[in-house]
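S.K.: here you go, sequence then predicted model.
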Amino acid sequence: MDYQFKEIEQKWQQFWAQNQTFKAEDKSAKPKYYVLDMFPYPSGAGLHVGHPLGYIASDIFARYKRLKGFNVLHPMGYDSFGLPAEQYAIQTGQHPAITTEDNIATYRRQLDQIGFSFDWSREVRTSSPDYYKWTQWIFMQLFNSWYDKDADKAQSIDKLVAHFEANGSAGINAVCDDEILTFTADEWKAFSNTQQQEELLKYRLTYLRESTVNWCAALGTVLANDEVKDGFSERGGFPVEQKKMTQWSMRITAYAERLLQGLDTIDWPEPLKEMQRNWIGKSIGASVKFPIAAPPKPSPEGRALNEVSPTGGDLEGAIEVFTTRVDTIFGVTFLVIAPEHELVASLTTPEQKAEIEAYIAQTKKKSELDRMADAKTVSGAFTGSYVLNPLNGEQIPIWIADYVLAGYGTGAVMAVPSGDQRDYLFAKHFNLPIVPIIDIQNIETEADPTKEGKYINSDFINGLTYKEATAAVVAKLEEIGAGKAKVNFRMRDAIFGRQRYWGEPVPVYFKDGLPYLIDESHLPLLLPEIDKYLPTETGEPPLGRAEDWSYRPEGAVEAYPYELSTMPGWAGSSWYWYRYMDAHNDQEFASKEAIEYWKDVDLYIGGSEHATGHLLYSRFWNKFLKDLDLVVEEEPFKKLINQGMIQGQSSFLFRLQDRTDFGNDPETVAHYIANKVIPNYADFKGKPGVVFFDYEVVKQYGLQKNVVELHAPIEVVDNANLNIQEYIEHPIGSGYKDPIFFGANFVFWEGEAFGDGIFKVKHETEKMSKSKWNVVNPDDITRPDGKVIKGVVNLYGADTFRMYEMFLGPVEQSKPWNTNGIEGVFKFLRKFWRLFHNDAWEFGVSDAAPSKAELKSLHKIIKKVEEDIERFSFNTSVSSFMIAVNELTDLKCNNRAVLQDLVIILSPYAPHICEELWSLLGNAEGTLSYAPFPKFNAEYLVEDEFAYPISINGKMKMNLSIPLSLDVKGTEEFVLANADVQKYLDGKAPKKMIVVKGRIVNMVV
RNA sequence: GCUCAGAUGGUGGAACUGGUAGACACGCAGGACUUAAAAUCCUGUUCCCGUAAACGGAGUGCGGGUUCGAUUCCCGCUCUGAGUACCA
């Protein structure tokens, strides 16, 4: 029979499922190997062709490890809480649990089609109560813990309470809030319970903190950063404002140092580790307080000394800065604070008020991108006030500038123009003094950040070296209470709350405004049913709609309200790899025995976009669980491989930036265009609406700065043309339906279309993602107009799809999706199938002894595939398989011994066809997955001759077969004796001769 | 701006430790089989000159360098992609 992939693949997928072929053993004499994939969010768009890239790679590796005799754990599950299901629920009223269930069914069907060797008996879903019970349980452990810096680990909060009772706050060295109280044991005991709880909250590893969110009043909801475009919601184009909110936070900063150190112990791609290092952002330096000089001097000129003594300044009202170069403190000639700094208003003198306000207004308009592009132009404004250098009382002017960010450190910088190029340019531009502070410093044309040489103009550190000076300055600052050595981390505590419905409820209730945990026996705290998935009228999160959403603690008369926010997406994924070890345990998140056996993940494959999110949070929770002796390893993922992204083709259309008042300014370009392209523009004048332009118009009128780029879904775009009717019927476009949809080349007004309707989108290659609306699925899709587009799995089968995704290139490399070469992979599998069949497609193999040439081909591929898999170079082994099959076809090989080994080697890549051939060869069904991987024998590859490339001056001229038995000398003689070589040499002896045995011969003439 | 990664035929890519650049595929061109098409098979395919072929020259983003020999190592530059919180 010809190669019938459909029947074969269906047959074996059923067989594997029925026989639980890939179920991992919990107790085994075999060594364990844990291969993990980043589990997907089951989005409504289905599994796209990018997802399987990593899954195929890990599946090949898992199957290979089974053949190599390991007990392999290779599970899969779903990160099933998340925004899209909720968004869909808001639009349709459909419960997210139902949508999620449907989506999971789709994903499962799609995953099964590709023939993965997952152990489905261990499937997890983060949105299932059996699972999120334990997410809530871990949250409770975090709530009940504090970070003890002396022990360098998390400790039980009971221990802290015991300490407070015995010794008060003295002797506690903890990671905690800034404003903690100092108290004695008696004072502690005298606190009310509420006061005690309030104080403890400042130490807990999860705690309440105020933070800002993107609030969109028109949509009545909080938006994620990527749902906001230039201050407006992407969906609908409504204004978005920043709103303060009290939220749960995780004290991940307590683990900053350990998260940093741990990177040196794990086998991860270096760029990924670098990203985490940068995110953690450790810098060693000092914090320095610059006292604010009492009466501001009218003129900023000169370096006059204030009458106030160095230590006499008001340190309470000081500006604190962090610096990594405290040794340069005598070179400070001005201070720069962020325009958003809280002291700006009070520091601004009446004379400077206008200038400062103008500058702040100018800064607010700038987007972050503009600020970056402007890095070369210096800007800033003088507040009119001064601080004093705490070491010599020198007066230092305070400036504001947008290159200082309020969010980082203290939002203030001490400027040393002689040592820092940015400060240097600033000083030059505003004519501020530049003072050299090191004898060898050259500051003629630019700043010199050297640490070599001796200090000058620097008071008591004159003549010292960098190391001595730093120590001396820090000592002095500490002595006068104006500063101290400090390690600064860039990383902030992670926000752990969402004003959403579809997430884990936080197992907390509030009494007297303070949070308390519910009793552990009441876990899981189930997500309540609500009528609508929107916030309440008063702006409370959706859970505020739930009836009786309150908790009555044991013995209490009154019921108290539950927390209304839910946990963020990363909660469930921060520990899921442990649940796979013991997925059905209802007593613990995983049993001690299971964790002892499986320990950690040996190989983790996933995208680098999770570098600073999931991968950092997971390491944090793992370290916390380790501190509590709940798990055994400090790091959860020993080896990690980044799969590259399969990119998609995105389409864009352009919306005029301002939604409501385009009709009010007749001078704007947009107005002009609208007038030109919309024939009856006067009718629309003054009405609220949205103006869209197509790419041609944007280019033609140079509107790039006036418009916002928006994604158009791939299914409503044909070539580069947007189908406008489909777009406004599409969920993403529905926000524009009412009341008017304007286009550059057409108008939609009161449901009617005007104009020719041609709307060109702009194409770009981008990450494939639902939010970019450019998703391509592996299976069939039905377009809105009913047309069915056949997917690759349907057309060529899973084995071809698996091999093709690998054949595209190195796994870690990103590439846009196309099916240009898939034909070749399919032909290869058919050719492979034919090795086992005669011209009439009848199965038949010979039992004769294999020839030398056949064995050579076989052992070449055994060696190559082993090497390739071990270094995750899957694309090159696909090529090698093609070469092997081409060779064996040329040899007319149908030898059982050779072909059976080849079946085993190929099976991790193309498991279905190999299972079929394996059973046709007479083996027991299903035994292929655990067959022994063929042993490589180097003897079959031994050659006695090698065709040396003969080069002259490094240029290859000819090939010459030379016996490998000859030594270097003998090879030289052999070459020189050759008549063709002599022709090239023109009878002369070469000046020099290089012979690398088995490689090359090169002659210099 | 900063950090990281990358740049090889018409296309995806190979060349693993400095040793025959372009493996393996796609595409394209020509041919065989066929009434025809599909499928399959065969041949060719980096560019330039010549052109029947042998042969010659150039060539791994650009400019230098080290070396008998560089896609690979070093210096400088250009461009592309990813991340980003001007990290003080």
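M.R.: Done, it's in.

S.K.: the strands in the stretch 801-950 of chain A, which residues?
M.R.: A:815-816, A:945-952 (DSSP state E, counting those that start in this stretch).

S.K.: does any part of stretch A:355-365 sit near RNA strand B?
M.R.: No. Shown here: stretch A:355-365 not in contact with RNA strand B (C-beta under 7 Å from any atom of the strand), separated by at least 8.6 Å. Yep, even glycine has a C-beta here, placed from its N, CA and C like the rest.

S.K.: just the CA trace of that stretch, in CSV.
M.R.: Taking Å, rounded to 0.1, in the frame of the first residue of the first chain, the C-alpha atoms of stretch A:355-365 are listed here in CSV:
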residue,chain,number,x,y,z
GLU,A,355,9.7,78.0,33.3
ILE,A,356,9.3,74.8,35.4
GLU,A,357,5.7,74.5,34.6
ALA,A,358,6.3,74.9,30.9
TYR,A,359,9.0,72.2,31.1
ILE,A,360,6.7,69.8,33.0
ALA,A,361,3.9,70.3,30.4
GLN,A,362,6.4,69.6,27.6
THR,A,363,7.6,66.4,29.3
LYS,A,364,4.1,65.1,29.8
LYS,A,365,3.5,65.3,26.1
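
S.K.: now that stretch: mean pLDDT?
M.R.: The predicted model gives stretch A:355-365 an average pLDDT of 79.

S.K.: now it, how far from the centre of its chain.
M.R.: Relative to its parent chain, stretch A:355-365 has a centroid offset of 34 Å by C-alpha atoms, centre = their mean, to the nearest Å.

S.K.: in it, what's buried?
M.R.: By 16 or more other C-beta atoms under 10 Å, the buried positions in stretch A:355-365 come out as A:356, A:359, A:360, A:363.

S.K.: tell me which helix or strand the residue of the stretch 51-200 of chain A at minimum distance from RNA strand B sits in.
M.R.: Minimum separation of the stretch 51-200 of chain A from RNA strand B (C-beta to the nearest atom of the strand) falls at residue A:53, amounting to 12.3 Å. Using DSSP states H and E, residue A:53 maps to helix A:51-67.

S.K.: about what we covered before: which one of the strands of the stretch 801-950 of chain A is the most hemmed in?
M.R.: Ranked by average neighbour count under the criterion mean count of other C-beta atoms under 10 Å, those are headed by strand A:945-952 at a mean of 16.

S.K.: packing partners of that one?
M.R.: strand A:955-963, helix A:968-976, helix A:979-985, strand A:1000-1004 (3 or more C-beta pairs under 8 Å, 6 or more residues apart in numbering; DSSP states H and E).

S.K.: helix or strand next in line after the helix or strand that contains residue A:210, which one?
M.R.: Per DSSP H and E, residue A:210 falls inside strand A:206-216. Using DSSP H and E, the helix or strand that directly follows strand A:206-216 along the chain is strand A:221-223.

S.K.: return the residues of the stretch 401-550 of chain A in contact with RNA strand B.
M.R.: A:402-405, A:407-409, A:411, A:413-414, A:420, A:422, A:490-492.

S.K.: of these, which belong to strands?
M.R.: A:413, A:414 (DSSP state E).

S.K.: of the residues of the stretch 401-550 of chain A next to RNA strand B, just the buried ones, ChimeraX syntax please.
M.R.: Selection of buried members from those for ChimeraX, criterion 16+ other C-beta under 10 Å:
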select /A:402,403,404,409,411,413,414,420,422,491
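
S.K.: show me what residue of chain A gets nearest to RNA strand B.
M.R.: Closest point on chain A to RNA strand B, by C-beta to the nearest atom of the strand, is residue A:824, at 2.2 Å.

S.K.: just give the number of residues close to that residue.
M.R.: The number of residues packed near residue A:824 is 14, by other C-beta atoms under 10 Å.

S.K.: what do you get for residue A:942?
M.R.: Residue A:942, neighbours per other C-beta under 10 Å, totals 8.

S.K.: wait, residue A:847 sits on residue A:894?
M.R.: No. In this structure residue A:847 lies outside contact range of residue A:894 using C-beta atoms under 8 Å: 10.2 Å.

S.K.: more neighbours: the two, which one.
M.R.: More crowded of residue A:847 and residue A:894, by other C-beta under 10 Å: residue A:894, with 19 against 7.

S.K.: I'd assumed residue A:835 was in contact with that one.
M.R.: Yes. Here residue A:894 reaches residue A:835: they are 6.3 Å apart, a contact under C-beta under 8 Å.

S.K.: so what's residue A:906 up against?
M.R.: By C-beta atoms under 8 Å, 6 or more residues apart in numbering, the contact set of residue A:906 is A:832, A:881, A:913, A:914.

S.K.: now with 7 Å?
M.R.: Applying C-beta atoms under 7 Å, 6 or more residues apart in numbering to residue A:906 gives the contacts A:881, A:914.

S.K.: surely residue A:605 is in a helix?
M.R.: No. The assignment for residue A:605 by DSSP: H, G, I helix; E, B strand; the rest coil gives strand, which leaves it out of any helix.

S.K.: element containing residue A:34?
M.R.: strand A:32-37.

S.K.: before we move on, what about residue A:510?
M.R.: In the assignment (DSSP H and E), residue A:510 maps to strand A:508-511.

S.K.: try residue A:194
M.R.: Using DSSP H and E, residue A:194 sits within helix A:193-201.
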